[in-house]
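# what follows is a predicted protein model with its sequence.
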Amino acid sequence: MIKELKISNFKSIKEQSFEFKPLVILTGTNSSGKSSILHAILLTLNNRISRSLQELTRNFDKFNIVRNVFLKKDSVDIELNGEVYKINEGDENNKIYCSKELKFEENLFFISANRTGAEDLSGYNDYEKFGVKGEYTFGYFDKHWQEKARIIRFKDDESLKGQLWRWCKEIFELDFDVQTNKINENNIEIKYYFRNIDKELSPFNVGTGISYALRILIMGLNCKKGDIFIVENPEIHLHPKAISNMAKFFIFLAKNGVQVILETHSEHIINSACYEVCKKNFDSSDIVIYYKADQNSNFEKINVGNSGKFVDENGNLRKYPSGFFDANSAELWELL
């Protein structure tokens, strides 16, 4: 579990420390620097066994590219749980020391906002379980769907496929199974079987958000206690109600020992998490929100009180930063 992260001179982050909890929500305006926190974490990992992670991190492991232009420091410093990682100016190899604690797709899983969507053919990968875009997720599912899921909520069918089916019913309010068929040693066919119409459908004939969300669900159900699950924009292509229901999935993981780190633009994610705290389904001490208003500002830490309302460090009620929940309030008042 990540408990503390300190970042100095990295992209839009000049110098700031972050306290992490079982559920961490990062939010803010576009291109303000939310993903920079995630990128800093990923840079500390050994990426030599993952081509998809290499491809992702090669864009931000060079000093002259990622240094904060307003600072005059000669190194980028990332401190994670007390271990310090550097990118030094003039280092030809631009090497960064790898974390001894975190292992990509062993105890830390990440899925990018730029993830793979609908596809009716997918493949396997011998070196990666899922890939940073979730591109190998259905290949993993094809190999493991009969196995017991690592975190169980529904007792009637504890297999990965059974847990996925039940979560899909809760989140989308649709009754369907994921079915994969091996075509050859490298490829599988993907179908969604809808029980109410007794028919298999291609992912291309089902709402786009389903395919995006399924990758998150399969990856999340693979996690075990002590793992870290990082998701960029889990709300992509989802209806507001499904987004709120998806937040309950993340709450479930966090309650069962998986540290969940979300980067999101969705007020439904935050509202649903606060509601679960209010209803005593999740402990207020296990959630923290960080909001970044623009590239030049620091992240603002926001806590959630026992009532589910936003509070400051002293437990006093506070407002959420302007420009998020109130983004179109003036226009709405004109309609009344």
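That came through fine.
# got the contact list for stretch 269-282?
23, 25, 27, 234-235, 243-248, 250-251, 254-255, 262, 264, 283-284, 287, 289, 304-310 (Cβ atoms under 8 Å, 6 or more residues apart in numbering). Where you see a C-beta, it was placed from the backbone N, CA and C, and this is true even at glycine.
# then stretch 39-57?
2, 5, 7, 10-11, 13, 60-61, 78, 80, 83, 85, 87, 96-99, 102-105, 108, 110, 112, 127-128, 131-133, 135, 230, 261.
# now list the buried members of those residues.
Buried subset of the contacts of stretch 39-57 (neighbour count, 16 or more other Cβ atoms under 10 Å): 2, 5, 7, 10-11, 13, 60-61, 78, 80, 85, 87, 96, 98-99, 102, 104-105, 108, 110, 112, 128, 131-133, 135, 230, 261.
# now the residue nearest the centre of the chain: phi and psi?
Computing the C-alpha centroid of the chain and ranking residues by Cα atoms, centre = their mean puts V231 first, at 1.1 Å. Main-chain torsions, V231, degrees, to the nearest 10: phi -130, psi 120.
# bridge partners for it, pull those for me.
In this entry, V231 is beta-bridged to I111, L262, by DSSP bridges.
# that one and L164, how far apart?
16 Å (Cβ to Cβ, to the nearest Å).
# same thing with E158?
E158 is 12 Å from L164, by Cβ to Cβ.
# quick one: the helices in the stretch 101-250 of the chain, in order.
137-144, 160-172, 208-222, 240-255 (DSSP state H, counting those that start in this stretch).
# T180: which of the ones you listed is closest?
The minimum distance between T180 and the helices of the stretch 101-250 of the chain falls on helix 137-144, with 4.0 Å, by Cβ to Cβ.
# give me the contact list for the closest one.
Outside helix 137-144, the residues that touch it by Cβ under 8 Å, 6+ apart are 116, 119, 122-125, 129-131, 160-161, 164, 178, 180, 182, 188, 190, 214-215, 218-219, 222.
# change it to 6 Å
Residues outside helix 137-144 that contact it (Cβ atoms under 6 Å, 6 or more residues apart in numbering): 122-124, 129-130, 160, 180, 188, 190, 215, 218.
# same deal with stretch 116-124?
Taking Cβ under 6 Å, 6+ apart as the rule, stretch 116-124 contacts 133-135, 138-139, 186-188, 190, 202-204, 208, 211-212.
# which of those are buried? Put it as a PyMOL command.
Below is the selection syntax for PyMOL that covers the buried ones among the contacts of stretch 116-124, with 16+ other Cβ under 10 Å defining burial:
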select buried, resi 133+134+135+138+139+188+190+203+211+212
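# least confident pick among the contacts of stretch 116-124?
Here the lowest pLDDT out of these sits on N186, with 89.
# need phi/psi at the nearest residue in space to Q163 that is not next to it in sequence.
Nearest non-adjacent residue to Q163, counting by Cβ to Cβ, 6 or more residues apart in numbering: A149, 4.3 Å away. Here is the backbone geometry of A149 (degrees, to the nearest 10): phi -60, psi 150.
# K248 versus A149, what's the distance?
In terms of Cβ to Cβ, A149 sits 17 Å off from K248.
# neighbour count winner among these two?
A149 (24 against 18; other Cβ atoms under 10 Å).
# and that one, how far from L108?
Relative to L108, and taking Cβ to Cβ, A149 is found at 19 Å.
# mind checking how far the residue nearest to the centre of the chain is from N68?
26 Å.
# count the neighbours of N205 for me.
Residues near N205, counting by other Cβ under 10 Å: 10.
# for K255, which non-adjacent residue is closest in space?
Closest residue to K255 apart from its sequence neighbours, by Cβ to Cβ, 6+ apart: F282 at 6.4 Å.
# name the residues of the lowest-mean-pLDDT helix or strand in the chain that are buried.
Least confident element among the helices and strands of the chain, by mean pLDDT, DSSP states H and E: helix 329-335 (a mean of 73). Across helix 329-335, burial judged by 16+ other Cβ under 10 Å covers no residue at all.
# and that helix, how far out from the chain's middle?
Here the centre of helix 329-335 is set off from its chain's centre by 33 Å, with Cα atoms, centre = their mean, to the nearest Å.
# restrict it to CA atoms and write it as CSV.
Provided in CSV are the C-alpha atoms of helix 329-335 (Å, rounded to 0.1, in the frame of the first residue of the first chain):
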residue,chain,number,x,y,z
SER,A,329,-25.2,26.2,-11.4
ALA,A,330,-25.6,29.7,-12.8
GLU,A,331,-27.2,28.4,-16.0
LEU,A,332,-29.5,26.0,-14.0
TRP,A,333,-30.7,28.9,-11.8
GLU,A,334,-31.7,30.8,-15.0
LEU,A,335,-33.9,27.8,-16.0
